[in-house]
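Trainee: need the 3D shape of this:
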Amino acid sequence: MSGEVPGHEERMRWFHEARFGMMIHWGLYSLLGQGTWAMHHGRIPHREYARLADEFKPRKYDPAAWAGLAAECGMKYMVLTTRHHDGFCMYDSGVSDFTSVKCAAKRDFVGEYVEACRRAGLRVGFYYSLLDWRFPGFFEREKYTESARAMVQQAHDQLRELLTNYGRIDMIWFDGHWFAEKPGAWRGENPQPIVDFWRMRELDAMIRSLQPQIIFNNRTGLPGDYFAAEQEVSAISRPLREWEAAQTIGDYWESWCCQRFMPNPSRKTVFQLIIQLMLCAAGNGNFMLNVGPTPDGVILKEDEKRYRGIGEWLKANGEAIYGTYAVYWPVMCAVAQITAKGNAAYLMMPNWPKDEVIVSGVGAAPVAACFLRTGERLKIDYRPDGRLLVQGLPKRPPDKYVTVIKLEFERPIEPKHCADAALWVQG
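Mentor: Purely as a prediction, here's the structure:
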């Protein structure tokens, strides 16, 4: 698979067009129901934690069902946890005995997942954590130098396995690159110590040589191909580079893996999730929605319902999401986020005005306007000052979640700049 590395724009093209993906956190921690950090926060010794591998025999694991759900609901790629911070590999690693193949399950979950993604027409992504809590050298690098070096070498060896044994892989979602004493330091401090510790330039070269087309995030100390946000969605915070928001259905931070019984289940609504997808697209970002299957491998009905709700909305309004780009100031609308594609622009409106919507800073009049869901045409009033009024709106929006109005122009939407920024106030 080696060859010339495509340019950044070419590698990222599918990512820009996709906009929406599924992330899956699933592993031994799913058995405990205490979050993905249960081993660390509970200070569970490795030998005790490893006994979970004797119980992890998911008889209902069906990656084809997962991939089918993702495709049906409008997702274009998937990312599976191949190995989390606990060190348990969901595939047959040659440099570890702590794997799903060598333990009770006797299955290569990663291999089955890859095949399911391909059959469903989805791009294939791997989550991989560089750190491994089983190594004392992660917690005390200078005291246990040999252990620290072994952990780094394991990461190099396992990434080589993952990128050699499963054919073309489209994405790596890196995690776990920080130092134990400063888990948040990578956010603002000099990343060079992290780059040096993990031998990231060497690892980067190996990855590019094995899978030239692959993309990966910035959680390595290096810039990567895109910025990975976690539990954070903003439409305009990072307009100058590619980014992705990894978000959970659970409406609290530690809800990446399966939620056990909760007297008042705390999940985001379909409306909330569609708004977050809309915000990502309007900010030139992607939205990756995480799900945590049960220990037996089943996606809960409550989570599936939310995926299907988003999918139903996308069937009518996906044109405003897939392959679009952001439209920034001076084009503005008080009740809508705006994307564009070709000669069309899209007003995504979670808020509903009285009878018209105003868009300012538009350089030319559109030739037509309509609701995406119904196709109903709307009246256009374009003013010389760049204000566009879309009129004749019904009292209630045609979409129960986010209504989208499509504006068609003779050419791609152009902004109308003004030499005097205060002119509009003076009339």
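Trainee: got the contact list for the residue positioned nearest the centre of the chain?
Mentor: Geometric centre of the chain, nearest residue: Met288, 2.5 Å, by CA atoms, centre = their mean. The neighbours of Met288, taking CB atoms under 8 Å, 6 or more residues apart in numbering as the test, are Phe20, Gly21, Met22, Met23, Val79, Glu244, Ala245, Ala246, Gln247. Yep, even glycine has a C-beta here, placed from its N, CA and C like the rest.
Trainee: now do the SS call for the last one.
Mentor: What it means is Gln247. strand (DSSP: H, G, I helix; E, B strand; the rest coil).
Trainee: what's the neighbour count on it?
Mentor: Gln247 has 22 neighbours, counted by other CB atoms under 10 Å.
Trainee: oh, and call the first residue 660 from now on, that's how I've got it
Mentor: In the new numbering, first residue 660, that becomes Gln906.
Trainee: low-scoring stretches of the stretch 760-909 of the chain, by residue?
Mentor: 842-847, 893-899 (pLDDT under 70).
Trainee: show me where it has strands.
Mentor: Under the criterion DSSP state E, counting those that start in this stretch, strands of the stretch 760-909 of the chain are mapped to 782-788, 830-834, 874-875, 886-889, 902-907.
Trainee: okay, now the sheet partners of the third one, with direction.
Mentor: If I follow you right, that is strand 874-875. Partners of strand 874-875 in the sheet, by DSSP bridges, are strand 830-834 (parallel).
Trainee: just the buried residues of the strand it pairs with, please?
Mentor: Going by neighbour count (16 or more other CB atoms under 10 Å), the buried part of strand 830-834 is Met830, Ile831, Trp832, Phe833, Asp834.
Trainee: CSV for those, including distance to Trp1011?
Mentor: CSV is the format used below for those (distance: CB to CB, whole Å):
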residue, distance to Trp1011
Met830, 37
Ile831, 41
Trp832, 36
Phe833, 41
Asp834, 39
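Trainee: farthest-apart pair in those, please.
Mentor: Met830 and Asp834 (12.9 Å; CB to CB).
Trainee: now do the same end-to-end measure for stretch 731-750.
Mentor: In stretch 731-750, first residue to last residue: 27 Å (CA to CA, to the nearest Å).
Trainee: can you check stretch 977-992 too?
Mentor: End to end - CA to CA - stretch 977-992 spans 20 Å.
Trainee: how about that stretch: buried residues?
Mentor: Those would be Gly977, Glu978, Ala979, Ile980, Tyr981, Gly982, Thr983, Ala985, Val986, Tyr987, Val990, Cys992, for stretch 977-992 by 16+ other CB under 10 Å.
Trainee: same question, stretch 1056-1067
Mentor: Pro1056, Pro1057, Asp1058, Tyr1060, Val1061, Thr1062, Val1063, Ile1064, Lys1065, Leu1066.
Trainee: so what touches the helix or strand in which Ala726 is found?
Mentor: Under the criterion of DSSP states H and E, Ala726 resides in helix 722-731. Contacts to helix 722-731, defined as CB under 8 Å, 6+ apart, come from residues 680-681, 683, 737, 768, 771-772, 774-776, 778-781, 952, 958, 963, 966-967, 970.
Trainee: before we move on, back to that, between the contacts of Met947, which is closest to His700?
Mentor: Once CB to CB is applied, the member of these that ends up nearest His700 is Ala905, at 20.2 Å.
Trainee: returning to what we had before: among the strands of the stretch 760-909 of the chain, which is nearest Pro665?
Mentor: strand 874-875 (10.0 Å).
Trainee: which residues touch Lys802?
Mentor: For Lys802, the contact set (CB under 8 Å, 6+ apart) comprises Pro795.
Trainee: residue ranges of the helices in this structure, please?
Mentor: Assigned by DSSP state H, the chain shows helices spanning 667-677, 688-691, 697-700, 705-708, 711-714, 722-731, 768-778, 795-798, 804-821, 851-856, 859-869, 929-941, 960-976, 1082-1085.
Trainee: so can I have TSV of the ones you listed showing mean neighbour count and distance to Arg1070?
Mentor: Shown next, in TSV, are the helices of the chain (neighbours: other CB atoms under 10 Å; distance: least, CB to CB, whole Å):
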stretch	mean neighbour count	distance to Arg1070
helix 667-677	15	21
helix 688-691	22	52
helix 697-700	18	55
helix 705-708	14	60
helix 711-714	16	59
helix 722-731	19	34
helix 768-778	21	38
helix 795-798	18	55
helix 804-821	18	45
helix 851-856	15	45
helix 859-869	16	38
helix 929-941	22	21
helix 960-976	18	23
helix 1082-1085	9	25
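Trainee: out of those, which comes closest to Leu1048?
Mentor: It is, among the helices of the chain and with distance given as CB to CB, helix 1082-1085, at 14.7 Å.
Trainee: relative to the whole chain's centre, how far out is the closest one?
Mentor: Relative to its chain's centre, helix 1082-1085 lies at 41 Å (CA atoms, centre = their mean, to the nearest Å).
Trainee: which elements pack onto it?
Mentor: Applying 3 or more CB pairs under 8 Å, 6 or more residues apart in numbering; DSSP states H and E, we find helix 1082-1085 packed against no helix or strand.
Trainee: pLDDT of it, averaged?
Mentor: Regarding helix 1082-1085, the rounded mean pLDDT is 76.
Trainee: can you list the domain ranges for the protein.
Mentor: 667-979, 986-1085 (automatic domain parsing).
Trainee: what's the first-to-last distance across the last one?
Mentor: One end of domain 986-1085 sits 26 Å from the other (CA to CA).
Trainee: repeat that for stretch 1045-1055.
Mentor: Terminal-residue distance, stretch 1045-1055 (CA to CA): 27 Å.
Trainee: tell me which residues of that stretch are tucked away?
Mentor: Neighbour counts over stretch 1045-1055 (16+ other CB under 10 Å) mark Gly1045, Leu1047, Val1049, Leu1052 as buried.
Trainee: surely the third one is in contact with Pro1012?
Mentor: Same thing as Val1049. No: Val1049 lies out of contact with Pro1012 (CB atoms under 8 Å); the separation is 9.4 Å.
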